[in-house]
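J.: sequence plus the predicted model coming up.
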Amino acid sequence: MIDLVKNLAAVNRRTKTSVIRELLKLTNKPEIISFAGGMPDPASFPSEVFAGIAADILRTNSRAALQYGPTEGLPALQEQIIRLLREEDGIVIKPENILVTTASQQALDLIGKAFIDMMDPIIVELPSYIGGLQAFNGHGAKMIGVKGDDNGILVDELEKKLHQLRDEEEHYKFVYLVPDFQNPSGVTLCEERRRKVVRLAEMYDVLIIEDSPYRAIRFEGKAPHMLLKLGRIGNMVSLFTFSKTLAPSLRVGFIVAHEAIIRRIAILKQSSDLCTSSLNQLMAAEFLARGYYKTHVEGLRSLYKAKKDAMLAALKQHMPEGEGITWTKPEGGLFLWVRLPDHMSADELFYEAVKENVAYVIGSAFHCDGSGHNTMRLNFSYPTLEQIDEGVKRLAGVVKANLHKAKPKAPALAAR
Ligand SMILES: Cc1ncc(COP(=O)(O)O)c(C=O)c1O
């Protein structure tokens, strides 16, 4: 066996195993009700439609479907993407603005590759999507966190950070935001703050990475405009994926940005995977072209709204109220976020929750600065309605049992 310490690349040595993955290993028992994953409900997968589409593609277009394709993506899918963005968000783009990716996780990695040199500062939200943090960390980014509230990132804090660094004659490479039904918090960045974010991007000559896998899954309320719609395209890189709307296993997503940026990222994608699966791109393109997308997404909205409502109702019924415990009330997406009183640790509670056969993701894993010890992410898309009620009851039991336990006091100075 080779000496791994000597032989591994620095980037690989720097990359730690994910805390979440380690914790999730503990939740692989069938009796566990898991609010931990971020998975769509498998009952929502349009399997029959896909079966028909796949058969048609393989019968009539297998030469293209089974072949390598252009790195930027197949024109058939680009055409559907252009239509989708115009119809859903009033965004007008050209094929040159699109890079089809092997879903959004590849896009995050490519963005890291494209923009980050060792110790380059970037701004992320507190909390932020852990897969983004891992991708950027892999490229050596120095991540600076900015807090948010129920309306998204605190834009005044963001401005302070941008200003501070400019005074030090340094430059943030980008600001990474998940503005719609954020993973992990479920929070949406409000319209007013979006306008401020794009103004700041232009004022401080900084790029905004808008990562928006959940935008289409809105159950209620009015959608604010996409940052891509509000800002100058030259300041934006927007990430989309069909993972949450069609199926994660398609591994099809896309980046929209200025064509000069797309060209730079496309060069990097070539050395990553040459191209995204042609068969899967054509499956997504046909699904859209045949007009299934709208009705399918409407179905997802009502399915997940019922689950979100069930989780909110269960929290209201079982979680102790007025004890400093709060949770977000998302208008869409797959997650909500629970905040425990400051003296409690969701990290420590996790092991007790698993003993009671319920699991969540510890909120600290989503904080680049290690804060957020008293927070947790709950997923409501995957469990059934019955599991949601029972799981929240079990979780509330664990919280109640620990709510008034005294925190061990630090020994008095004299006794040390
Ligand atoms: C905010 C965010 N970005 C990106 C991804 C990656 O998704 P995919 O690679 O399946 O498109 C996820 C997945 O949960 C996510 O929540």
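T.: That came in fine, so what should we check first? Numbers count the residues shown, from 1 in each chain.
J.: alpha carbons only for contacts and neighbour counts from here, please
T.: Noted.
J.: closest point of the stretch 301-416 of the chain to the ligand, which residue?
T.: Leu334 (9.0 Å; CA to the nearest ligand atom).
J.: check the gap between the residue nearest to that residue when sequence neighbours are not counted and Thr245 for me.
T.: Setting aside the residues directly before and after it, Leu334 is nearest to Ser381 in space (CA to CA, 6 or more residues apart in numbering), at 5.3 Å. Distance, Ser381 to Thr245, by CA to CA, to the nearest Å: 12 Å.
J.: which one of the two has more residues nearby?
T.: Ser381 (25 against 21; other CA atoms under 10 Å).
J.: average pLDDT across the host helix or strand of Glu159?
T.: Assigned by DSSP states H and E, Glu159 belongs to helix 155-167. In this model, helix 155-167 carries a mean pLDDT of 91.
J.: CA-only coordinates of it in CSV, if you can.
T.: Taking C-alpha atoms only, helix 155-167 is exported to CSV below (Å, rounded to 0.1, in the frame of the first residue of the first chain):
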residue,chain,number,x,y,z
VAL,A,155,-27.9,42.7,2.8
ASP,A,156,-26.5,45.4,5.1
GLU,A,157,-24.1,42.8,6.6
LEU,A,158,-23.2,41.7,3.0
GLU,A,159,-22.4,45.3,2.0
LYS,A,160,-20.3,45.8,5.2
LYS,A,161,-18.2,42.7,4.2
LEU,A,162,-17.8,43.8,0.6
HIS,A,163,-16.8,47.2,1.7
GLN,A,164,-14.3,46.0,4.4
LEU,A,165,-12.4,43.9,1.9
ARG,A,166,-12.3,46.6,-0.7
ASP,A,167,-10.7,48.8,1.9
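J.: quick revisit: wait, the residue nearest to Leu334 touches Met311, no?
T.: No - with contact defined as CA atoms under 8 Å, Ser381 and Met311 do not form a contacting pair (10.1 Å).
J.: that older thread, now the residue of the stretch 301-416 of the chain closest to the ligand: how far from Val187?
T.: In terms of CA to CA, Leu334 sits 11 Å off from Val187.
J.: give me the common contacts of these two.
T.: Phe181 (CA atoms under 8 Å, 6 or more residues apart in numbering).
J.: which residues of the stretch 201-350 of the chain lie near the ligand?
T.: 211, 213, 241, 243, 248, 253 (CA under 6 Å from any ligand atom).
J.: from these, which land in strands?
T.: 211, 241, 253 (DSSP state E).
J.: and the last one, what are its bridge partners?
T.: It stands for Gly253. Bridge pairing for Gly253 (DSSP bridges) gives the partners Thr101, Thr241.
J.: so what's the residue count around it?
T.: A count of nearby residues for Gly253, using other CA under 10 Å, gives 25.
J.: the first one now?
T.: Other residues within reach of Asp211 by the criterion other CA under 10 Å amount to 25.
J.: which ones are touching it?
T.: Per CA under 8 Å, 6+ apart, neighbours of Asp211: 104, 176-179, 238-240.
J.: ok, back up a step: how close does the residue nearest to Leu334 get to Leu24?
T.: 17 Å.
J.: with Leu77 instead?
T.: To Leu24, Leu77 is 35 Å away according to CA to CA.
J.: repeat that for Lys308.
T.: Relative to Leu24, and taking CA to CA, Lys308 is found at 22 Å.
J.: which of the two has more residues huddled nearby?
T.: With neighbours defined as other CA under 10 Å, Lys308 and Leu24 compare such that Lys308 has more, 26 against 17.
J.: next secondary structure after the helix or strand containing the more buried one?
T.: In this assignment (DSSP H and E), Lys308 forms part of helix 293-318. Following helix 293-318 in sequence order, the next helix or strand is strand 326-327 (DSSP H and E).
J.: mind giving me the packing neighbours of that following strand?
T.: Counting contacts by 3 or more CA pairs under 8 Å, 6 or more residues apart in numbering; DSSP states H and E, strand 326-327 packs against strand 335-339.
J.: measure how the following helix or strand past the strand it packs on sits relative to strand 335-339, angle-wise.
T.: Using DSSP H and E, the helix or strand that follows strand 335-339 in sequence is helix 346-355. Helix 346-355 and strand 335-339 meet at an angle of 120 degrees, taking axes from the mean of the first three to the mean of the last three CA atoms, to 10 degrees as the criterion.
J.: helix or strand next in line after helix 346-355, which one?
T.: strand 358-359.
J.: run through who's touching that next one.
T.: So strand 358-359 is contacted by 27, 32-36, 350, 353, 391, 394-395 (CA under 8 Å, 6+ apart).
J.: among these, which ones are in strands?
T.: 33-34.
J.: ok, the contacts of strand 358-359 vs Glu321, which is closest?
T.: Nearest to Glu321 among the contacts of strand 358-359: Leu395, at 14.1 Å, using CA to CA.
J.: wait, that closest one sits on Val354?
T.: No - counting by CA under 8 Å, Leu395 stays clear of Val354, with 9.3 Å between them.
J.: circling back: how much space between the residue nearest to Leu334 and Pro184?
T.: Ser381 is 13 Å from Pro184, by CA to CA.
J.: give me the common contacts of the two.
T.: Shared contacts of Ser381 and Pro184, defined by CA under 8 Å, 6+ apart, are found at Phe335.
J.: could you chop the protein up by domain?
T.: Listed domain ranges for the chain are 4-44+295-402, 47-291 (source: automatic domain parsing).
J.: lowest mean pLDDT across these, which one is that?
T.: Minimum mean pLDDT among the domains of the chain: domain 4-44+295-402, a mean of 93.
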